[in-house]
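In: Show me how the following folds:
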Amino acid sequence: MFAGSFDPLHLGHLRVIESAARLFDRLWVVAAGNPAKPSGLLSLQQRKDLIAASTIHLPNVEAVACYGLLVEFAGTAEVDVLLRSAGKERANEFEMAHANSYLAGITTVFVPPRAATWWISSRLVRECVDQGNLNALGKMVPPPVATALSATRPARLRP
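Out: Next up is the predicted model:
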């Protein structure tokens, strides 16, 4: 299971998903809603739908939405391994891996980001959308996400 807010899904996420899809027979990609955080750019359902559209070429990947504790979903779905990306926020990722192991006994596997996409973050994508810099989206997000984000904001391009 690979879980995150995916608000929005970007090419770094997609490359991790593609790598994991080669390693596992079945991969749940979970758009997670956090009750402690305010709603982001896209609704939970939109994020799930965009994950599904962006991973349609991967037959063993299933997009899921989860609002609540991911370890509960993992237990219900009989998940054996949690997948995390070992990107910019390593300390936080390791903390979550230890907590998930302690609370649910689930192993976490870290997949490093690819060099071509390590710089992309959902925060950067949201900033581009907020600033109307929609031309940059094609370099940072899968086509279904770029289309959806372009529709959410007026095309105000930077000079």
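In: Just the buried residues of stretch 10-29, please?
Out: 10-17, 20-21, 24, 27-29 (16 or more other Cβ atoms under 10 Å). No exception for glycine: its C-beta is placed from N, CA and C like everyone else's.
In: before we move on, what about stretch 122-131?
Out: So, applying 16+ other Cβ under 10 Å, buried residues of stretch 122-131: S122, V125, R126, C128, V129.
In: Let's have these in JSON lines, adding secondary structure.
Out: As requested, these are exported to JSON lines (DSSP: H, G, I helix; E, B strand; the rest coil):
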{"residue": "S122", "secondary structure": "helix"}
{"residue": "V125", "secondary structure": "helix"}
{"residue": "R126", "secondary structure": "helix"}
{"residue": "C128", "secondary structure": "helix"}
{"residue": "V129", "secondary structure": "helix"}
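In: now the helices: where do they sit in the chain?
Out: 11-23, 44-54, 70-76, 90-104, 122-130, 143-152 (DSSP state H).
In: rewinding a little: for the buried residues of stretch 122-131, which one is nearest G4?
Out: Comparing those against G4 with Cβ to Cβ places S122 closest, at 8.4 Å.
In: Just give the nearest non-adjacent residue to the closest one, would you?
Out: D7 (5.5 Å; Cβ to Cβ, 6 or more residues apart in numbering).
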